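Participant: structure here, sequence nowhere to be found:
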C-alpha cells in the first residue's frame, strides 16, 4: 500500500458519498481520477485489506427494535457442530464461542438476532433451537443502546487512530 491507498481507505471510512459517481467524487477530493480510485479500491478488496462494503443502517429508524443476545448450552455436543448450524441462519448476525464458567455460567455459544418484535425473534430462536437440537438457551433482549462503537480511522502510516 502506498500513500494514495491510505488516503482512499481514510475516505472510504466515512462511507461512499451519496452522489451518482461516488468514486469520481472521492478522486476529486484526493487528486485522483474516479477510475484510479475504483481500480485501487478493487485491488484493496482483492488483497483482503478491505473485506467488504456494507450499509450501516440505524435499525431502530427502520423498525428493528427487538435485538437479542442468545446464550446457548451445547448439552455436551461439540460447540463447532452446533455453532455451524446456528451460524448458517441468515437471521443470525453474529455467532461466537466463549469458555463457560462451570457451575456458574454453562453457556458457551452466543448468537445475536434482530427483529421487528420480541415475538418474531423468539419464534426464530425456537426454530433454530429445534434445528440445532439445543433446548437450553437464554434470550436476552437489549433495552437501551448506549453506544455504537465508531469505526477506527486509518492514518497515513496504516495504523488505527
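Facilitator: Received, thanks. Being a predicted model, the structure only gives us computed values, none of them experimental. Numbers count the residues shown, from 1 in each chain.

Participant: okay, CA-based contacts and neighbour counts for the rest of this
Facilitator: Will do.

Participant: quick one: low-confidence parts of the protein?
Facilitator: Low-confidence regions of the chain, defined by pLDDT under 70, span residues 147-161.

Participant: quick one, domains of it?
Facilitator: In the domain annotation for the chain, the residue ranges read 3-47, 60-141 (automatic domain parsing).

Participant: report the distance from the longest one to the chain centre.
Facilitator: For domain 60-141, the separation from the chain centroid amounts to 16 Å (computed by C-alpha atoms, centre = their mean, to the nearest Å).

Participant: what about the nearest residue to residue 85 once chain neighbours are set aside, how many neighbours?
Facilitator: Spatial nearest neighbour of residue 85, excluding adjacent residues (C-alpha to C-alpha, 6 or more residues apart in numbering): residue 132 at 5.9 Å. A count of neighbours around residue 132, defined by other C-alpha atoms under 10 Å, yields 16.

Participant: next, residue 132: phi, psi?
Facilitator: Main-chain dihedrals, residue 132, degrees, to the nearest 10: phi -90, psi -10.

Participant: quick one: it and residue 84 touch, right?
Facilitator: No. Using C-alpha atoms under 8 Å as the test, residue 132 is too far from residue 84 to be in contact (9.0 Å).
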